[in-house]
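Undergrad: Quick one, what's the 3D model for this:
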Amino acid sequence: MTSDGVITGLEGKEETPADDSKTAPRGRNRDTGIGGESLAAGYLMSKGLRILARNYRVVQGELDIVAMDGQVLVFCEVKTRRGIGFGPPECAVTPWKQRQMRRAAEAYLYCHGLRDQECRFDVVAVLLHDGTHDITHFKNAFYF
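TA: Numbers count the residues shown, from 1 in each chain. This is a model prediction of the structure:
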């Protein structure tokens, strides 16, 4: 967010909030999410995955991370929380979110001309606490 209250999106789109009091928690949550995605990307790279895209957006939805694990294309959802008061991060990947990811993954495959590509859906849960973090990687978290 700039000093004049304009939120700049990842793709350069700008949105002016109507009421700053309504955007404060969203801003904090967004910062938490962006930080968690960076931690998750670093973790995946340390495990040998090659990051192809981050925050891949299409009309059908968004993919937090698209990566290659050997010959397997990985569509990864990252969930980050500052505590477990609302449950562990991975529990936020609802059936609705899974369907949205599948649609976005289909669009990614189509747009990149990929056919017969082995794919999987992973979830990376990032739990932040007092300057440290825990990362849990769920390979093949769900199927379609």
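Undergrad: how about stretch 88-102: buried residues?
TA: Residues of stretch 88-102 classed as buried by neighbour count (16 or more other Cβ atoms under 10 Å): 89-90, 93, 98, 100-102. C-beta: built from backbone N, CA, C; applies to glycine.
Undergrad: Then stretch 67-82?
TA: Buried residues in stretch 67-82, counted by 16+ other Cβ under 10 Å: 67, 69, 73-82.
Undergrad: next one: stretch 137-144
TA: Of the residues in stretch 137-144, those buried (16+ other Cβ under 10 Å) are 137, 141-142.
Undergrad: And for stretch 52-71?
TA: Buried residues in stretch 52-71, counted by 16+ other Cβ under 10 Å: 54-56, 60-61, 63-67, 69.
Undergrad: Same list (the residues you listed) but as a markdown table, adding distance to Tyr108.
TA: Output for these, formatted as a markdown table (distance: Cβ to Cβ, whole Å):
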| residue | distance to Tyr108 |
| --- | --- |
| Arg54 | 13 |
| Asn55 | 12 |
| Tyr56 | 6 |
| Gln60 | 9 |
| Gly61 | 10 |
| Leu63 | 6 |
| Asp64 | 12 |
| Ile65 | 12 |
| Val66 | 6 |
| Ala67 | 12 |
| Asp69 | 15 |
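Undergrad: So which of those belong to strands?
TA: Mapping these onto strands (DSSP state E) picks out 54-56, 61, 63-67, 69.
Undergrad: Looking at the residues you listed, which has the smallest pLDDT value?
TA: Lowest pLDDT within those is found at Gly61 (92).
Undergrad: was I right about Arg54 contacting Gly42?
TA: No. Using Cβ atoms under 8 Å, Arg54 is not in contact with Gly42, being 11.5 Å away.
Undergrad: Tell me who's in contact with Asp122.
TA: Counting by Cβ atoms under 8 Å, 6 or more residues apart in numbering, Asp122 touches 74-77, 137-141.
Undergrad: quick one: it from Gly113, how far?
TA: Going from Asp122 to Gly113 by Cβ to Cβ, to the nearest Å gives 23 Å.
Undergrad: secondary structure class for the closest residue to Lys47 other than its chain neighbours?
TA: Leaving aside its sequence neighbours, Lys47 sits nearest to His137 (Cβ to Cβ, 6 or more residues apart in numbering; 7.3 Å). Three-state assignment for His137 (DSSP: H, G, I helix; E, B strand; the rest coil): strand.
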